[in-house]
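Student: 3D model of this:
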Amino acid sequence: MILDQIEAFDRLVKSELPSRPAQLFGKACVLGGSIAGLLAARVLSDHAREVVVVESDEVNVKGRPRAGVPQDRQGHGLLPGGGAQIERWLPGITKEAESLGAVLADPERQAIYVDGYRQARGSDAAILMGSRPFLESRIRERVLALPNVSTVAARATGFEYRDEAVCAVRYATSGTGKESVMATDFVVDAMGRSSRLSEWVERDGYDRPRLERVRTGINYATAHFERSVNHRAEDLVSALARVSPSLSIDGVTVGAVNAIEDNQWLVMLMAYGENGAATSMENFRSACGKLPPIFAKATSGAVTRDILTYHQADSRRRVFAGCSHYPARLISVGDAVASYSPVYGQGITSAALHGSCLSQYLTSGPDLTTAAGAFFALQEVVVDAAWAVSAGGDAAMMDEITGAEVPEDIQRQRWGMQQIAQATLTDETVSRAFTEVAYMLAHPSVLGDPSLIERAVAVNRGT
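Tutor: Residues are numbered from 1 along each chain as shown. This is a model prediction of the structure:
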């Protein structure tokens, strides 16, 4: 079973564009113009004569935050696993983003610190960095330029069905509130963490996807600072610092700093539980001064955007694979399926991989008269992989903070991960395996390989 998941994940990561995609639909409808929705629209453009994105937020203002994404002004990471997928679907977007101010961080200019010690180099992959609104606007511009993709400024309100399949979307037009019905052959729910799809399908007599939650209690704060144009080419432009709860810095256990567009630094601090991330600039800079030197350097310039805070109470996922009675021609992607702890930066990358799941499903000759079980099974591989890293890591952090009792089997798993994490500081082989998983280029099950754990233990013992 684990080998099957590893192989499926590997196929998704390394998949290519479909060579001769079959046109399966007259019209496909995507509910939500987020990154997940836009990438789903790009995939569907290969298989539908027309793709319509239904989005209530204003989407024509480039690089501006959207009301429907309250956390989009916080730090976001486009992991190499996601960057490769987006480049595959939208060739040339990386260079285009660079030309408009994004920063492509080579491996030598990235750093991960654990309790103040720098991790050994773990990857050869570059990371494209920019603010979430900036990156989303680049994707939106490319997708909406496709001749068969258009948008409707509206809010979806429900579905209509024929022969156990969704055949139309009901929506209320923005501004007027006028109710309309759009006939469609396929629907993608990309309405985000607050998606109401579960309520709609249950109301209409179908199974409600099971909702799982893991308490995180994360508080995070982000600010932007001026980045000197004299920043040396060899200097770091991206860093992540993790701090054990027992060594927390003014309550902060995670810090991230990235060079972004418009010659700015984006700096984010995170705290768990009762600890609040810094809310005054004095406290913010003070905490950064106790982290690795790049944090003090990044926060030394003029403030270009003041501190914004956000609280995420939990990570959550909706499980579709177990639904025995579910409409055909209906799927969900992105945060509508799973929203993870921001500590691990998996959101955009997971959304990109969901697009690849959709592509594999549509090119496999699916039975469109039944629920998309093959899609949900493939998507679950991605969700499980991200969930194992983020929800597992957050649960361990919260247990350490609260002193909760932990079952022996979970203790053993965490001990193995602690050995691997410690060995990443000095051993490139262990660090590479760990980083490939963190970057969503490899399935997390590879970290359970006994030989890797044995190597980590030996490294840590100095043998």
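Student: do you have the helices of the stretch 1-150 of the chain handy? List them.
Tutor: 2-14, 35-44, 80-89, 93-99, 132-144 (DSSP state H, counting those that start in this stretch).
Student: buried residues in the fourth one?
Tutor: If you call a residue buried by 16 or more other Cβ atoms under 10 Å, then helix 93-99 has these buried ones: 93-94, 97. Using the backbone N, CA and C atoms, a C-beta is placed for each residue, glycine as well.
Student: turn those residues into TSV, columns for distance to residue 408 and pLDDT.
Tutor: TSV is the format used below for these (distance: Cβ to Cβ, whole Å; pLDDT from 0 to 100):
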residue	distance to residue 408	pLDDT
93	47	96
94	46	95
97	47	94
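Student: same list, these, but as CSV with distance to residue 175 please.
Tutor: Converted to CSV, the buried residues of helix 93-99 look like this (distance: Cβ to Cβ, whole Å):
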residue, distance to residue 175
93, 31
94, 36
97, 32
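Student: give me the buried positions along stretch 164-172.
Tutor: 165-169, 171.
Student: kindly report the same for stretch 128-144.
Tutor: 128-140, 142-144.
Student: and what of stretch 258-265?
Tutor: By neighbour count on 16+ other Cβ under 10 Å, the buried set for stretch 258-265 is 258-261, 264-265.
Student: using JSON lines, lay out the residues you listed together with secondary structure and pLDDT.
Tutor: Below are the buried residues of stretch 258-265 laid out as JSON lines (DSSP: H, G, I helix; E, B strand; the rest coil; pLDDT from 0 to 100):
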{"residue": "258", "secondary structure": "strand", "pLDDT": "93"}
{"residue": "259", "secondary structure": "strand", "pLDDT": "94"}
{"residue": "260", "secondary structure": "strand", "pLDDT": "94"}
{"residue": "261", "secondary structure": "coil", "pLDDT": "93"}
{"residue": "264", "secondary structure": "strand", "pLDDT": "94"}
{"residue": "265", "secondary structure": "strand", "pLDDT": "96"}
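Student: now, among the residues you listed, which is nearest to residue 313?
Tutor: Here the nearest of those to residue 313, counting by Cβ to Cβ, is residue 258; it sits at 25.2 Å.
Student: so that closest one sits against residue 294, correct?
Tutor: No. At 10.2 Å, residue 258 does not count as touching residue 294 under the criterion of Cβ atoms under 8 Å.
Student: can you count the residues close to residue 100?
Tutor: Residue 100: 15 surrounding residues under other Cβ atoms under 10 Å.
Student: I'd like to know how far the closest residue to it other than its chain neighbours sits from residue 340.
Tutor: Residue nearest to residue 100 in three dimensions, not counting chain neighbours: residue 261, with 6.8 Å by Cβ to Cβ, 6 or more residues apart in numbering. Note on residue 261: its distance to residue 340, by Cβ to Cβ, to the nearest Å, is 25 Å.
Student: what sits against the spatially most central residue of the chain?
Tutor: By Cα atoms, centre = their mean, the chain has its centre lying nearest to residue 347, at 1.1 Å. Residues counted as contacts of residue 347 (Cβ atoms under 8 Å, 6 or more residues apart in numbering) are 76, 334-335, 339-340.
Student: alright, I will stop here.
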